[in-house]
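1. one predicted model, sequence on top.
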Amino acid sequence: MLSLPTTAPAAASPETAQADVAGILRVFSRRIKPMLATFFGFIGLVIILTLAQPKSYTTTVKMIAGNANTSVQGNGPNAGPNAELPVLNALLVSSGLQSAETYVELFQEMPVAQAVVNRLALPIGPRALLGDVTVKPITNTSIIALSVKWKDPQTSAQIANAFGAVVVERERELVASQADAAIGFLSQQLPIAQREMGDAQARLARYEASHHIADISTQTQTVIGQMAAIDAKIGQTQADEQQAQAELANAQREQAGTSTTITGGTTVAENPVLAQLETQLSQVQVQLRTALQQYTNLHPTVISLRSQEAQLERQIAQQQATVVANTNTVPNPLYQQLSQQTAQYSTQIAADKAQLEALRTQRKQLGPQLAQLPSQATALADLQRQSKAAEDVYTALQQKYNNAAVARDTALSDVTIIAPANAASATRSPNLLFNLLLGIGLGAVLSILGAFVIDYFDNTIKDDREVEEELALPPLASIPLVKMRNGAPELPWVRSLSVEAFIQLVTSIKYASDTRLNSLVVTSPTPADGKSTVALNVALAMAELEPRVLLIDADLRRASLHFKLRMRNERGLSDILVGRATFDSVVQKTRYPGLDILTSGTPTPNPIKLLESQRLDELLRDAQEQYRCIVIDGTALSVNVDSAVIARKADGTVIVLSAGQTDLRAAKRALRRLQQVGVRNILGYVLNRVIPRREDYEAYELQPGVELDTIDSTMITA
């Protein structure tokens, strides 16, 4: 006989790795159904979502950003065709100094997307188009990959290549902007210079024809040539200054409409508000679990905590997982280029003005020499000088125009396409095979984690090992679950296994005590654990082995034994205890030889008062004189203390636990309730509704002639 300990022992920890593995395998065995449901459900969800999601195709165009050739063209050894456009050379040099991240931002500008939409006549706006475009630099290289996701691979490749072409053209236009400004100014000045040259040449020809002057002296020609060269240089310098003024105004207009900085990158961090809300939710959930152990679901504390939990969950669902912690801004390369242009033009204008002052001084110094020439020679020299100066100015302007045209037509972009997008190499999304493999992996992980989570939060009793560790009770027997269909067991061999289990239970009860057990109380922590079925079948097994057994239905609140045995319950135990009937007048014989029953009798409003009365002690003494053993079906311990009161009067107590249904906390409370009333005669526990296994049956043979009324425990409501 077992004496109940004052405190429940702590759960034994596994001592070896083998024990840990065995524990894990037991969890998997208990949770195999939810594991399989989670695994295949997750895979099915992945397949459904994959098939339901619209198909998209992604193609990628790769570009290299920055100009590797940074040699400056000028009048030195490295001079080139752009020597007359110094700012263009500065742009080409500075373009190679920008980071790949800067180009990524420039490639996603709204004008670029608008140009692609217009070029391909896409039925989408530029902002929406940028949502399907991904631009990222390849680490440690100057290569940028631009990917486009679209519903068909051909259009995706066309859009990606169009983006590449537009970006190349846009960068080329930025580089050639100085040449365009120069051409615009020179186009206006060339006709004027040509007209002035023609007029000067016509005046010289008329003067020579009218005065019949064939030649002038060498000295005169020298003076005239010097003066003409100075005048030509003055005209050319003035043209350069006017051109620089026009280009400066153009650059300043563009600079006024350009931002000084652009976004160079962002740093993403975990949302601190989300972490705080999750911490609060965890605290509320802990408080809720603690409250549920003390109160019912309708208690104000539980309702308040559930409301807080729901509110926190809604707030968490509205929060973003990450936030932008830092945004890096970098100088706008276009603004920098325009700033360089304005500085270059301003310097050029200042230099041209200084050169004009020097040239005018030189021309003034040649004035006395021209005055000393004969009048006809002076007039002729002046006309020749004007003709020569006009011709030189026109020639210089024509050369500048040609150089600017060549610079514009040959201007190179600092972005080059190195790998165009190809529809044949498009990646399809979603990928069913990839998602399926990923779903199998994640489904396996979720099913395993789910098994442990369910097992952790499931406080129901699973097996004998858990009962022995948590409750420190000895096992008496394990009763298999008998599922009925059309009045017969679904598995015929389970009935035989159940018979053997009850025979084992009776044998265990017999040897559980050192003294003879004349009376036995069968109880359970909760009403649905199947105690009445176990009590009935224990009585049947005892009557089969040792006749003269009395079964008493002491559950005066929810009696059920008379229903199971199909007997009347007009009078019974309650009538004896109140004095309305005698023991012999209410005891009924059953259809099973050797088994009599005392039903619960007339319902009473105060059962505990009757069970604590002296008449129950007298009834048990009288019954023990007539019967070999008395089996008492008590009430559930979680409902009241009726069974605890009866257990003090009986020789032994058997606790029925239901596998997968009896809550471990309820079982501990039931043991504490027995302890509180002084019960020390607990024989052990019966684990009911154990999932039967075929191999357990094959090891035994049913004893001939044994026939029990094993009732489906899943149908018990009392």
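-> Structure's in. What do you need? Just so it is clear, the structure is predicted and the values come from calculations on it, not from any experiment.

2. quick one, helices of the stretch 301-450 of the chain?
-> Counting by DSSP state H, counting those that start in this stretch, the segments of the stretch 301-450 of the chain that form helices are 333-365, 367-371, 375-409, 432-457.

3. likewise for the stretch 451-600 of the chain?
-> Counting by DSSP H, counting those that start in this stretch, the helices of the stretch 451-600 of the chain are 464-471, 492-510, 531-545, 561-564, 573-578, 583-586.

4. the third one: which residues count as buried?
-> When neighbours are counted by 16 or more other CB atoms under 10 Å, the buried residues of helix 531-545 are found to be 531-544. (Each C-beta comes from the backbone N, C-alpha and C, glycine too.)

5. which phi and psi does N569 have?
-> Backbone torsions of N569, given as degrees, to the nearest 10, read phi -130, psi 50.

6. ok, N606 next?
-> According to degrees, to the nearest 10, N606 has phi -140, psi 80.

7. hmm, back to that, now render the helices of the stretch 451-600 of the chain as CSV, adding mean pLDDT and distance to K55.
-> Rendered in CSV, the data for the helices of the stretch 451-600 of the chain read as follows (pLDDT from 0 to 100; distance: least, CB to CB, whole Å):
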stretch, mean pLDDT, distance to K55
helix 464-471, 82, 51
helix 492-510, 81, 52
helix 531-545, 91, 58
helix 561-564, 91, 63
helix 573-578, 93, 74
helix 583-586, 92, 79
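
8. from those, which stretch is densest packed?
-> Highest mean neighbour count of the helices of the stretch 451-600 of the chain: helix 531-545, a mean of 26 (counted as mean count of other CB atoms under 10 Å).

9. what helices or strands is that one leaning on?
-> helix 492-510, strand 519-524, strand 549-553, helix 561-564, strand 595-598, strand 629-636, strand 652-658, strand 682-690 (3 or more CB pairs under 8 Å, 6 or more residues apart in numbering; DSSP states H and E).

10. quick one on the thing from earlier: closest one of the buried residues of helix 531-545 to S560?
-> S532 (4.9 Å; CB to CB).

11. convert stretch 395-402 to PDB, retaining C-alpha atoms only.
-> Presented in PDB, the C-alpha positions along stretch 395-402 are these (Å, rounded to 0.1, in the frame of the first residue of the first chain):
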ATOM      1  CA  THR A 395      38.000  80.200 -89.800                       C
ATOM      2  CA  ALA A 396      38.400  79.900 -86.000                       C
ATOM      3  CA  LEU A 397      34.600  79.800 -85.500                       C
ATOM      4  CA  GLN A 398      34.300  77.200 -88.200                       C
ATOM      5  CA  GLN A 399      37.000  75.100 -86.600                       C
ATOM      6  CA  LYS A 400      35.300  75.400 -83.200                       C
ATOM      7  CA  TYR A 401      31.900  74.400 -84.700                       C
ATOM      8  CA  ASN A 402      33.500  71.300 -86.300                       C
END
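
12. quick check: the gap between the residue nearest in space to the middle of the chain and L277.
-> The chain has A321 as the residue nearest its centroid, 8.3 Å off, counting by CA atoms, centre = their mean. Noted for A321: a distance of 12 Å to L277, by CB to CB, to the nearest Å.

13. next: P607.
-> With CB to CB as the criterion, P607 and L277 are 50 Å apart.

14. K151 too?
-> Taken as CB to CB, the span from K151 to L277 is 38 Å.

15. do the same with Q283
-> Counting by CB to CB, the gap from Q283 to L277 is 11 Å.

16. R306 too?
-> 17 Å.

17. quick one, which of the two is more surrounded?
-> L277 (20 against 15; other CB atoms under 10 Å).
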